[in-house]
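J.: curious how this folds, go ahead:
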Amino acid sequence: MIQRLLISSAIMCVLALPSLGQAVEAKYKLTQITTSLEHQSEDLVAACLLQNPKSSSALYQILASNLDVLHQQVDGMPFDERRSRELIMAYSWLRVIAIDLNQHAWIGAAIASNQMNGEIIRFINYNNANLRDIAWMDYLARDLMLLGKEDSNDNLSIINLRKSQLVLTWQRVRSELIKDFHNKPITMKGDHLMRQIKQEKNIDRLIQYAIDTQNLIDTVEKVT
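T.: All right, here's what the predicted structure looks like:
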């Protein structure tokens, strides 16, 4: 009897292996495509700011194609309300990007690309909350820069909101960084930069601080 149970258990384990392998492969493919979308949407922001029609169009096509691939992958997975919502929003921003690129409305296209980046960040299940916060800080800093470039007067309320969100997110990232004393110089630089952002009223300086924050995030990513 015991021998039959052991044999049955072994057979069940063997039968379960393909499905387990498929699940691991699906997760790997999902990680690959979402990481690509995250980086490509950032690249599209940069291309729009350079007002480069050829590069912007090429990046848009890649972004649209990869979003369709993500959609297909999600269709084959158990329903997840959050991911379905973020995917719908990503497609909405993709349409805005297409319209703005067609009209050469470069700042509008850059803002829409960054909003799509935000949807992808919300979609991704990061390995830990700190990695998500770092990506979110990058998104917030870009948004702060872009809103300032578009119209600092009309966007004043959301600019102030982004400033508050950036400072708050930095506090969480900082709490993880400071656990390693080697990161103290980065932490001090970030603290100083956040104080400047919080207090700054001049839009040109605020835009520069937002750019400095993106550079800071590049450094943080290297030590995380």
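J.: can I get stretch 32-42 in PDB, CA atoms only?
T.: Output of stretch 32-42 as PDB, limited to C-alpha atoms (Å, rounded to 0.1, in the frame of the first residue of the first chain):
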ATOM      1  CA  GLN A  32      11.100  40.600 -20.100                       C
ATOM      2  CA  ILE A  33       8.300  42.400 -21.900                       C
ATOM      3  CA  THR A  34       7.300  44.700 -19.100                       C
ATOM      4  CA  THR A  35      11.000  45.700 -18.500                       C
ATOM      5  CA  SER A  36      11.300  46.500 -22.200                       C
ATOM      6  CA  LEU A  37       8.100  48.600 -22.200                       C
ATOM      7  CA  GLU A  38       9.300  50.500 -19.100                       C
ATOM      8  CA  HIS A  39      12.700  51.400 -20.800                       C
ATOM      9  CA  GLN A  40      11.200  52.000 -24.200                       C
ATOM     10  CA  SER A  41       8.600  54.500 -22.900                       C
ATOM     11  CA  GLU A  42      11.500  56.300 -21.100                       C
END
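J.: residue 46: neighbouring residues, count only.
T.: 15 (other C-beta atoms under 10 Å). Every C-beta, even on glycine, is put in place using the N, C-alpha and C of the backbone.
J.: offset the numbering so it begins at 307, please.
T.: Noted, 307 is the first residue going forward, which turns the last one into residue 352.
J.: in what helix or strand does it lie?
T.: helix 308-355 (DSSP states H and E).
J.: what comes up buried for stretch 415-432?
T.: Within stretch 415-432, the residues that count as buried by 16 or more other C-beta atoms under 10 Å are 415-430.
J.: stretch 470-483 too?
T.: For stretch 470-483, a neighbour-count test (16+ other C-beta under 10 Å) marks 471-473, 475-476, 478-480, 482-483 as buried.
J.: save these as TSV, and put in distance to residue 333 too.
T.: Compiled in TSV, the buried residues of stretch 470-483 are given as follows (distance: C-beta to C-beta, whole Å):
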residue	distance to residue 333
471	30
472	31
473	34
475	26
476	30
478	26
479	26
480	30
482	24
483	28
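J.: between the residues you listed, which is nearest residue 398?
T.: The closest of the buried residues of stretch 470-483 to residue 398 turns out to be residue 471 (C-beta to C-beta; 21.4 Å).
J.: for residue 459, see how far away that closest one is.
T.: Relative to residue 459, residue 471 is positioned 20 Å away (C-beta to C-beta, to the nearest Å).
J.: just residue 452 next, same as before
T.: Distance of residue 452 to residue 459, computed by C-beta to C-beta: 15 Å.
J.: got a list of contacts for stretch 457-465?
T.: Identification of contacts with stretch 457-465 by C-beta atoms under 8 Å, 6 or more residues apart in numbering yields 450, 453-454, 509, 512.
J.: how about stretch 387-395?
T.: Here stretch 387-395 makes contact (C-beta under 8 Å, 6+ apart) with 373, 376-377, 380, 425-426, 428-429.
J.: let's see stretch 376-393 as PDB, backbone CA atoms only.
T.: This file holds the C-alpha atoms of stretch 376-393, laid out as PDB (Å, rounded to 0.1, in the frame of the first residue of the first chain):
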ATOM      1  CA  LEU A 376       1.900  42.000 -23.200                       C
ATOM      2  CA  HIS A 377      -1.900  42.000 -23.900                       C
ATOM      3  CA  GLN A 378      -1.600  38.500 -25.400                       C
ATOM      4  CA  GLN A 379       0.300  37.300 -22.400                       C
ATOM      5  CA  VAL A 380      -2.200  38.700 -20.000                       C
ATOM      6  CA  ASP A 381      -5.000  37.100 -21.900                       C
ATOM      7  CA  GLY A 382      -3.500  33.700 -21.200                       C
ATOM      8  CA  MET A 383      -3.200  34.400 -17.400                       C
ATOM      9  CA  PRO A 384      -5.800  34.300 -14.600                       C
ATOM     10  CA  PHE A 385      -7.800  37.500 -14.400                       C
ATOM     11  CA  ASP A 386      -6.100  40.300 -12.400                       C
ATOM     12  CA  GLU A 387      -8.200  43.500 -12.100                       C
ATOM     13  CA  ARG A 388      -5.300  45.800 -11.400                       C
ATOM     14  CA  ARG A 389      -3.200  44.500 -14.300                       C
ATOM     15  CA  SER A 390      -6.200  44.700 -16.700                       C
ATOM     16  CA  ARG A 391      -6.900  48.300 -15.600                       C
ATOM     17  CA  GLU A 392      -3.300  49.400 -16.100                       C
ATOM     18  CA  LEU A 393      -3.200  47.700 -19.500                       C
END
